[in-house]
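Q: sequence unknown, structure follows:
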Ligand SMILES: Nc1ncnc2c1ncn2[C@@H]1O[C@H](COP(=O)(O)OP(=O)(O)OP(=O)(O)O)[C@@H](O)[C@H]1O
Ligand SMILES: [Mn+2]
């Protein structure tokens, strides 16, 4: 009996002791965890991860610092950050406390083992329960331990949810994030206030944008960090080297320029005072290179002569001294425009982007003579930005920008300097896009009187103020500061959207192209068509038309190419792509409600102007294989060949209006003149071969 009583007492005492020990351990663990999570971890995080980024609020942490979704694992990780000794710093997730308990478990006598394991589990569960109910835990329902920001975050998220349905509707409800409270917590350009458009004296800012040279602006942009100044020196050095290389690379007598033409063919007529040539030098001088090289060809001179005598007296032929601008204006006097898009026909609106949508017609995207076009390009370049998100689709990062006037634009950032050409071993489809190619393509399209590219301008963006401040959370997470202190982001997409492909400011200002946004698809549906002369997009295969020459015969018989303007539009597109050097025209789009008798939208010209010394003769395959060209297009090309101004001259003058000028380096402008001659050479070849008549080759479909 006594023995039994003693045993019971001993057991009770032991149990009580164990319970007391466990309670003490639990209390200690809880206290440690609370101290670590509430006090140590946040400050530790700031110091460890934000580093030089502590200019920013908690909305700008590097994305990989995001907390683990499992809170108690977080605690353990956090504790191990601060308490593990050197020997234990193997990034395991075991805390000092849990290690202690585990050691106790393994060294205890067998009968206590089970009990201790249960206690260990209890401690872990308790940890979890305590953490889940703490502010700052994601499972607890709060994002950051900043209560002031909490409601705003969820409100913005809510708005974004609706935004998915109709962006414009939400914009119309007066969402203006530039004045929303989130900007208050974001110290966007501390220490760089002179670059902040809001704080800079307006005039100085205007001067910087409009009256300074490109070099001046680059210097200002790179002013803050020495590293960048060094980079500038390197860039200058590269430029010098590039120039020297250019001289070396200058086409020599023997060099084949494609399509069987060698530079000898061009120089053969150089200096020859033909009737067509002498007028070229009469053009207004724009500097050393403005006269351009003489790309006259004997065969082309012959074509021009025949054209002039054939169409003398019509609008297709002008006086030798008539400027190209005047010639184009006259030629297009009786241009067909057609009806407007139904949705916008009866609403002109006051804002430039509304008038742009109102101005879309069956036969052209815009009318360059309407005042809204100038207003639109200026708005795209200067309007305050109130919302930025990534535009889905396509391979490269592009941003959908909303300005304060609710106008929207597609922004493509600058990825590398203009001097950098497409690498020789890169396929066209692996090449980066160029913002300046988008801008230059708009100008060329307008000069050719096509009006099929949405108005596109250059814009300097303050990465922090214009983009990050108003970016949605998904995009905002990808912002960071590069090792030399440049502001960067990479967005999220299927290719090229990671930290090895950053888009960086210099140190904070970034160049890019802004293309006016077409009406939302819900209001004006578009149809995407496969280009019959699409490339294979394979390293190994060739497309049918690259192997056989008879694709045009097949295409001509097929709907919608067998009637109306469509085939001629595809040929115009081929001329356009050859001039800009764009191999990436896999598809084109049209506005559905205009049916097939409508113009083709020339969207996505970002891969153009990649190689100034190379002429993509295969881009001309549609024209060469069909041996056809629209009459008005030929007339414009001949006028530019004839002068008084060359294509490079009118392009140079047109591009000068852009804030990012120079848009194209001289080598690319020069290429335009060379390529123009080559197009006319192809047409000459068509007229000469197989006894083709003019009517078979030069097609008048009534579209000018
Ligand atoms: N100005 C615009 N307004 C509205 N939508 C546009 C505009 N420009 C382009 N888009 C749409 O966005 C899509 C993607 O644009 P774009 O083709 O320029 O991107 P991308 O990344 O170069 O594509 P890809 O990788 O296919 O070459 C286009 O197919 C077009 O439907
Ligand atoms: Mn593209």
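A: Perfect, thanks for sending it. Everything numeric here is computed off the predicted structure, so don't read it as measured data. Ligands and ions are numbered 1, 2, ... in the order given.

Q: Kindly report the residues of this protein close to ligand 1.
A: 393-396, 398, 410, 433, 454, 515, 517-518, 584, 603-604, 606 (CB under 6 Å from any ligand atom). Where you see a C-beta, it was placed from the backbone N, CA and C, and this is true even at glycine.

Q: which one of these sits closest to residue 365?
A: Nearest to residue 365, judged by CB to CB, of the residues of the chain next to ligand 1 is residue 454 at 6.5 Å.

Q: now the end-to-end length of stretch 388-408.
A: 10 Å (CA to CA, to the nearest Å).

Q: hang on, the earlier thing: can you tell me which of the residues of the chain next to ligand 1 has the most neighbours?
A: residue 515 (27 neighbours; other CB atoms under 10 Å).

Q: For residue 685, grab the count of nearby residues.
A: 17.

Q: contacting residues around it?
A: 299, 624 (CB atoms under 8 Å, 6 or more residues apart in numbering).

Q: Spell out, range by range, the strands that occur in the chain.
A: Secondary structure of the chain (DSSP state E): strands at 385-390, 399-403, 408-413, 456-462, 479-481, 487-489, 503-504, 509-516, 526-530, 587-591, 629-630, 698-699.

Q: Including mean pLDDT and distance to residue 615, could those strands go into a markdown table?
A: As requested, these are exported to a markdown table (pLDDT from 0 to 100; distance: least, CB to CB, whole Å):
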| stretch | mean pLDDT | distance to residue 615 |
| --- | --- | --- |
| strand 385-390 | 97 | 35 |
| strand 399-403 | 98 | 33 |
| strand 408-413 | 98 | 25 |
| strand 456-462 | 98 | 24 |
| strand 479-481 | 96 | 40 |
| strand 487-489 | 97 | 35 |
| strand 503-504 | 96 | 30 |
| strand 509-516 | 98 | 24 |
| strand 526-530 | 98 | 25 |
| strand 587-591 | 98 | 22 |
| strand 629-630 | 98 | 17 |
| strand 698-699 | 98 | 22 |
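
Q: What is the most widely separated pair among the residues of the chain next to ligand 1?
A: 517 and 584, at 20.9 Å, using CB to CB across these.

Q: Pick the most deeply packed of the strands of the chain.
A: strand 509-516 (a mean of 26; mean count of other CB atoms under 10 Å).

Q: Which one of the residues in the protein is closest to ligand 2?
A: Ligand 2 sits closest to residue 604 of the chain, with a gap of 4.3 Å, by CB to the ion.

Q: Counting residues, name the longest helix you see in this structure.
A: Across the chain, the longest stretch assigned as helix under DSSP state H is helix 2-34.

Q: what about residue 589, distance to residue 638?
A: 30 Å (CB to CB, to the nearest Å).

Q: any low-confidence regions in the stretch 451-600 of the chain?
A: Judged against pLDDT under 70, the stretch 451-600 of the chain has no low-scoring part.

Q: so where do the helices sit in it?
A: Assigned by DSSP state H, counting those that start in this stretch, the helices in the stretch 451-600 of the chain fall at 473-476, 544-547, 551-557, 566-580.

Q: elements contacting the third one?
A: The reference is to helix 551-557. Applying 3 or more CB pairs under 8 Å, 6 or more residues apart in numbering; DSSP states H and E, we find helix 551-557 packed against helix 621-626.

Q: Output the contacting helices and strands for the helix it packs on.
A: For helix 621-626, the packing partners by 3+ CB pairs under 8 Å, 6+ apart are helix 544-547, helix 551-557, helix 566-580, helix 666-688.

Q: right, so those helices: which one is the most enclosed?
A: By mean count of other CB under 10 Å, the helices and strands packed on helix 621-626 have helix 566-580 as the most buried, with a mean of 24.

Q: Tell me which other helices or strands that helix touches.
A: Against helix 566-580 (3+ CB pairs under 8 Å, 6+ apart) you get helix 435-447, helix 621-626, strand 629-630, helix 631-642, helix 666-688.

Q: The strands of the chain into CSV, with extra columns for distance to residue 651?
A: Shown next, in CSV, are those (distance: least, CB to CB, whole Å):
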stretch, distance to residue 651
strand 385-390, 29
strand 399-403, 26
strand 408-413, 20
strand 456-462, 14
strand 479-481, 36
strand 487-489, 32
strand 503-504, 27
strand 509-516, 16
strand 526-530, 28
strand 587-591, 23
strand 629-630, 20
strand 698-699, 25
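
Q: where in this structure is pLDDT low?
A: Applying pLDDT under 70 to the chain flags residues 1-2, 29-112, 123, 126-260, 263-264, 267-292.

Q: Provide a list of residues in contact with whichever residue of the chain sits closest to ligand 1.
A: Relative to ligand 1, the nearest point of the chain is residue 394 (2.3 Å; CB to the nearest ligand atom). If you count contacts by CB under 8 Å, 6+ apart, residue 394 has them with 493, 604.

Q: Got the phi and psi for it?
A: Main-chain dihedrals, residue 394, degrees, to the nearest 10: phi 80, psi 180.

Q: Begin at 34 from now on, thanks
A: New numbering, starting at 34: the last item is residue 427.

Q: out of the helices and strands packed on helix 599-613, nearest to residue 47?
A: Shortest distance between residue 47 and the helices and strands packed on helix 599-613, using CB to CB, is found for helix 468-480: 77.0 Å.

Q: and the angle for that closest one with strand 441-446?
A: If you take axes from the mean of the first three to the mean of the last three CA atoms, to 10 degrees, helix 468-480 sits at 130 degrees to strand 441-446.

Q: Which strands and helices lie in contact with helix 468-480?
A: Going by 3+ CB pairs under 8 Å, 6+ apart, helix 468-480 lies up against strand 441-446, strand 489-495, strand 542-549, helix 599-613, helix 680-688.

Q: now the ones you listed in JSON lines, with distance to residue 413?
A: Below are those laid out as JSON lines (distance: least, CB to CB, whole Å):
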{"stretch": "strand 441-446", "distance to residue 413": "5"}
{"stretch": "strand 489-495", "distance to residue 413": "5"}
{"stretch": "strand 542-549", "distance to residue 413": "4"}
{"stretch": "helix 599-613", "distance to residue 413": "21"}
{"stretch": "helix 680-688", "distance to residue 413": "16"}
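
Q: related to what we said a few turns ago, show me the one of the helices of the stretch 484-633 of the chain that comes nearest residue 555.
A: For those, the distance to residue 555 is smallest for helix 506-509, at 22.7 Å, taking CB to CB.

Q: From the contact counts, what lies against that closest one?
A: By 3+ CB pairs under 8 Å, 6+ apart, helix 506-509 packs against helix 180-196, strand 418-423.

Q: rewinding a little: ok, which of the helices of the stretch 484-633 of the chain comes nearest residue 350?
A: The closest of the helices of the stretch 484-633 of the chain to residue 350 is helix 599-613. By CB to CB, the value is 19.5 Å.

Q: near ligand 2, anything from that closest one?
A: No. Against ligand 2, helix 599-613 shows no contacts by CB under 5 Å from the ion, the least distance being 12.5 Å.

Q: And for stretch 473-488?
A: No. Using CB under 5 Å from the ion, stretch 473-488 stays clear of ligand 2, coming no nearer than 11.6 Å.

Q: gap between the two ends of that stretch?
A: 11 Å.
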